[in-house]
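[1] Next one to model:
(4 chains)
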There are 2 protein chains.
Amino acid sequence: MVRDSRATREQIIQAADALFYGEGIRSASMDAIAARAGVTKRTLYYHFPSKDALIGAYLTARDEPTFTRQAAWLDETKGDLPEQILGLFEKLARMTKSARWKGCGFLRAAAELAGTPGHPALKIASAHKKKFEAWLEGRIAAKDLSEPMLRARQVMILLDGAVAQALIHRDPTYALAAGRAAAALVTKHV
Amino acid sequence: MVRDSRATREQIIQAADALFYGEGIRSASMDAIAARAGVTKRTLYYHFPSKDALIGAYLTARDEPTFTRQAAWLDETKGDLPEQILGLFEKLARMTKSARWKGCGFLRAAAELAGTPGHPALKIASAHKKKFEAWLEGRIAAKDLSEPMLRARQVMILLDGAVAQALIHRDPTYALAAGRAAAALVTKHV
DNA sequence: GTCTATAGCTTGATAGAC
DNA sequence: GTCTATCAAGCTATAGAC
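    Predicted coordinates:
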């Protein structure tokens, strides 16, 4: 029986996401991904020519949902921009408390693939971060703050720094400390 | 001929450092480490009972040199604390320009080992970061700034955030943007 | 497009001699 | 303490049937 190819592909990516994110890219084997997706390895390799290609597809699939979720974290917080930034980091703090949370998939991929500089997944990770940075810049520029590009970068640095520290220490209060610094960065000093 | 056991151990750790840091922990094999150290695998396993033990030894060996280097980056910069913090991040920015630079070994280890929560290497990474954070807190407290613990944390978040962004984008200017934010955090607002 | 089966290699770790 | 030799399991990727 010939199943819907798109559905199969989707199942594979979902399985890859669970294992790449949960165990790490190198630790997750193509065998395990195929088993979890409920297909054979032959089918897996029919849809993705190599593990590297699957890594790229994994991050590409993560791009939009991650962006949307984080943007919502800010937009759903009431108040002016500083309060919204605080809300963003508070929601990050809550997230880091979960045992299933294991940091940012893009950052962890970049960390794992640092040894292979040209890897396509690194470009996807970079583009993903740039996209959110540009979105932040828009929000900051709309408030007529000076140097919106610099401020957006600094907020991004605090965001990934908070993720990194939370991953290392398994302590959600780092995200709150980062939030306070980020909120100050987007506050108009009269 | 029986060589100096301590020297052999040192050679192994040096080889492990080059490969774990250069290629990643999972990517570096015990075979490759033994070959680079100029010993057989049997000798490697005589000194370290498992790969996990070697990973721990790798990070333990990195702790003190990394701490000392970063402390020197700050201490060797002339001026008051904000200028010194700027100097610290400027030296980080210079470092990230090297093709051999591949981020922070502790952060990358935490990213790779996020799938195995109890791993001893994670505790070593956490202790290393805490140590530098406490050292920074001392420097900040000496300047009679309020909330030195919070400020030290925020500087640490900016530091690791800058490293993360530099690793993802391969752009040294992120470290400079982080430095400006960090300097502002340790500036007395009169 | 999906299957069974397996090639060909690398992995972490060990046995036993000296 | 270091060697040679090797294990069993795991890995990415492929062959060929249907």
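[2] name the element the closest residue to DNA strand C within chain A belongs to?
    Nearest residue of chain A to DNA strand C, counting by C-beta to the nearest atom of the strand: residue A:42, 2.6 Å away. (C-beta placed from N, C-alpha, C; glycine too.) Assigned by DSSP states H and E, residue A:42 belongs to helix A:41-47.
[3] Give me the contact status of that helix with DNA strand D.
    Yes. Contact of helix A:41-47 with DNA strand D (C-beta under 7 Å from any atom of the strand) involves A:41, A:42, A:45.
[4] Excluding chain neighbours, what is closest to residue A:16?
    residue A:58 (4.7 Å; C-beta to C-beta, 6 or more residues apart in numbering or on different chains).
[5] Quick one: neighbours of the one you found, just the number.
    A count of neighbours around residue A:58, defined by other C-beta atoms under 10 Å in any protein chain shown, yields 27.
[6] Is the strand or helix carrying it in proximity to DNA strand D?
    Under the criterion of DSSP H and E, residue A:58 resides in helix A:51-75. Yes. Judged by C-beta under 7 Å from any atom of the strand, helix A:51-75 comes into contact with DNA strand D at A:51, A:52.
[7] got the contact list for that helix?
    The contact list for helix A:51-75, computed with C-beta atoms under 8 Å, 6 or more residues apart in numbering or on different chains, reads A:12-13, A:16-17, A:20, A:25, A:30, A:33, A:44, A:48, A:84-85, A:87-88, A:91-92, A:105-106, A:109, A:113, A:119-121, A:124-125, A:127-128, A:131-132, A:135, A:139.
[8] Name the residue of chain A that lies nearest to chain B.
    Among the residues of chain A, residue A:161 lies closest to chain B, at 2.5 Å counting by C-beta to the nearest C-beta.
[9] coming back round to it: mind listing which of the contacts of helix A:51-75 are in helices?
    A:12-13, A:16-17, A:20, A:30, A:33, A:44, A:84-85, A:87-88, A:91-92, A:105-106, A:109, A:120-121, A:124-125, A:127-128, A:131-132, A:135, A:139 (DSSP state H).
[10] how far away is the residue nearest to residue A:115 when sequence neighbours are not counted from residue B:32?
    Among residues not flanking residue A:115 along the chain, residue B:23 sits closest, at 3.9 Å (C-beta to C-beta, 6+ apart). Here residue B:23 is placed at a distance of 8 Å from residue B:32 (C-beta to C-beta, to the nearest Å).
[11] same question, residue A:57
    29 Å.
[12] Any residues of chain A in contact with DNA strand C? List them.
    A:2-5, A:8, A:38-43, A:46-47.
[13] Restricted to buried residues, select these in ChimeraX.
    Burial among these is assessed by 16 or more other C-beta atoms under 10 Å in any protein chain shown; the matching ChimeraX selection reads:
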select /A:8,39,43,47
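[14] what's the most distant pair in the residues of chain A next to DNA strand C?
    Greatest spacing in the residues of chain A next to DNA strand C, by C-beta to C-beta: A:4 and A:41 (19.8 Å).
[15] what residue ranges in chain A score low on pLDDT?
    Along chain A, the model assigns pLDDT under 70 to residues A:1-3.
[16] Go again with 90.
    Where chain A drops to pLDDT under 90, the residues are A:1-6, A:188-190.
[17] Would you mind listing what in it touches DNA strand D?
    Contacts of chain A with DNA strand D, taken as C-beta under 7 Å from any atom of the strand, map to A:28, A:29, A:30, A:31, A:32, A:41, A:42, A:45, A:49, A:50, A:51, A:52.
[18] try 10 Å
    Residues of chain A lying near DNA strand D by C-beta under 10 Å from any atom of the strand: A:2, A:19, A:23, A:25-35, A:40-46, A:48-55.
[19] Could I get the buried residue list for the helix holding residue A:58?
    A:51, A:54-59, A:62-63, A:66, A:70, A:73-74.
[20] Residue A:172: which of the residues you listed is nearest?
    residue A:73 (14.7 Å).
[21] quick one: that closest one and residue A:131, what's the gap?
    15 Å.
[22] Residue A:16 now?
    Taking C-beta to C-beta, one finds residue A:16 at 22 Å from residue A:131.
[23] Which one's more surrounded, these two?
    residue A:16 (27 against 14).
[24] Pretty sure the more buried one sits against residue A:32.
    No. Using C-beta atoms under 8 Å as the test, residue A:16 is too far from residue A:32 to be in contact (9.7 Å).
[25] how many neighbours does the closest residue to DNA strand D within chain A have?
    Closest to DNA strand D within chain A is residue A:29: 3.1 Å, counting by C-beta to the nearest atom of the strand. Applying other C-beta under 10 Å, we find 13 residues neighbouring residue A:29.
[26] which residues touch it?
    Contacts of residue A:29 (C-beta under 8 Å, 6+ apart): none.
[27] distance of it from residue A:174?
    33 Å.
[28] repeat for residue A:38
    Counting by C-beta to C-beta, the gap from residue A:38 to residue A:174 is 39 Å.
[29] got it, and residue A:12?
    Distance, residue A:12 to residue A:174, by C-beta to C-beta: 35 Å.
[30] So which of these two has more stuff around it?
    Between residue A:12 and residue A:174, counted using other C-beta under 10 Å, residue A:174 has the larger neighbour count: 28 against 24.
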